[in-house]
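# Any chance you could fold what I've pasted below:
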Amino acid sequence: MTAARKADEIYAQMKQKICNLQSRPGEILLIQQLAAEFDTSRTPVKEAIIRLVSDNYAEQIDGGHFKIAEISESEVLEIFEVRRALESMAAEGLASRITDAQLDELASLIQKSRAAQETADRMTVLECDTAFHKKLMDFYGNRINCSVLDMLNERLQRIRFLTQTSPHLKMIDDEHEQILLALRDRNPQEAARGMGVHLANVREDMRRMIDSGSHSVFAKAVLFSNIHKQRA
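Numbering: from 1, shown residues only. The predicted model follows:
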């Protein structure tokens, strides 16, 4: 395997661990230790870390060392602002051409999520939520839009576990249902409005959870994810 391909492989594995919180925000990245872990020289490891820095998953600190980037409040809220704009546009554009089969797929996800709510299976609810948005974007068919949203959602993956404890999780299916009804009515304006309201509610929920740092749930999240608030 060439050094470049090895660096690509290391980058992909390290990014996955960062996104899944297997590697914690603030954790120091020791190049020699990582080289031993990946059974390679220091060079491809450093190249992979430099790519992580470029993509804002890691950052350089004093002495030329590196650490995993912290999660900031401003980044989370800004991501939701971009999502709201892009997904509202997609819902509006899709309303006039969505098929009955595609509507049925979205409805099926809502039904599955409602069933999971009954058993307090929050992970399945979150999976259905992700799938609902992903399918809607796929149906819309704008590849650049999908690519940007995939990147943003990947960055949000590190804080997704916070939403498992959120009261707003119980309202997700009702909000998705409103979007679905607007799509069934072939109403572009209402579909865009429904998506905008939904993602604005999610953003506000995240803001409240970040602001309630003294709350036991958030305190536990800080303990495990080391989220840092970065206000302007």
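
# Could you use CA atoms for every contact and neighbour count after this?
Fine.

# pLDDT score assigned to E47?
For E47, the pLDDT comes out at 95.

# what's around it, how many residues?
Using other CA atoms under 10 Å, the number of residues around E47 comes to 18.

# thought it was touching K6?
No: distance between E47 and K6: 9.6 Å, which falls outside the contact criterion (CA atoms under 8 Å).

# Can you tell me what sits against the longest helix along the chain?
As far as residue count goes, and with DSSP state H defining each element, the longest helix of the chain is helix 188-211. Identification of contacts with helix 188-211 by CA atoms under 8 Å, 6 or more residues apart in numbering yields 73, 77, 80-81, 83-85, 87-96, 163, 166, 168, 172, 175-176, 178-180, 182-183, 218, 229.

# Take those residues and keep only those in strands.
Judged by DSSP state E, the contacts of helix 188-211 include no members of strands.

# Now, of the residues you listed, which are buried?
For the contacts of helix 188-211, a burial check counting by 16 or more other CA atoms under 10 Å picks out 73, 77, 80, 83-84, 87-95, 163, 166, 172, 175-176, 178-180, 182-183, 218.

# State the distance from S23 to E70.
Distance of S23 to E70, given as CA to CA, to the nearest Å: 11 Å.

# ok, the two, which is more surrounded?
Taking S23 and E70 together and counting by other CA under 10 Å, E70 has the greater number of neighbours (20 against 17).

# Flag the shaky bits of the protein, pLDDT-wise.
Confidence mapping of the chain against pLDDT under 70 gives the ranges 160-165, 210, 212-232.

# What residues of the longest helix of the chain count as buried?
Buried positions in helix 188-211, judged by neighbour count with 16+ other CA under 10 Å: 188-203, 205-206, 209-210.

# can I see the domain layout of the chain?
Following the assignment in automatic domain parsing, the chain carries domains at 3-68, 73-225.

# Quote the end-to-end distance of the first one.
What that stands for is domain 3-68. By CA to CA, the extent of domain 3-68 from end to end equals 23 Å.

# What is the strand or helix carrying S147 packed up against?
Assigning secondary structure by DSSP states H and E places S147 in helix 143-156. Using 3 or more CA pairs under 8 Å, 6 or more residues apart in numbering; DSSP states H and E as the contact criterion, the elements in contact with helix 143-156 are helix 3-19, helix 73-94, helix 122-140.

# Now find how far off-centre the second one is within its chain.
What it means is helix 73-94. Distance, stretch centre to chain centre, for helix 73-94: 12 Å (CA atoms, centre = their mean, to the nearest Å).

# let's have the chain start at 350 instead
Right, with 350 as the first residue, what we last looked at is helix 422-443.

# contact partners of that helix?
Looking at helix 422-443 with CA under 8 Å, 6+ apart, the contacting residues turn out to be 485-486, 488-489, 494, 498, 501, 505, 532, 536-545, 548-549, 551-552, 555-556, 559, 577-581.

# what's the spacing between M555 and F429?
The value you get for M555 to F429, if CA to CA is used, is 9 Å.

# hmm, back to that, which one, of the helices and strands packed on helix 492-505, ends up nearest to I380?
Go through the helices and strands packed on helix 492-505 one by one with CA to CA and the one that ends up closest to I380 is helix 352-368, at 11.7 Å.

# For the helix or strand following the closest one, name the packing helices and strands.
Going down the chain from helix 352-368, the next helix or strand is strand 377-378, by DSSP H and E. In terms of contacts (3+ CA pairs under 8 Å, 6+ apart), strand 377-378 is packed against strand 415-417.
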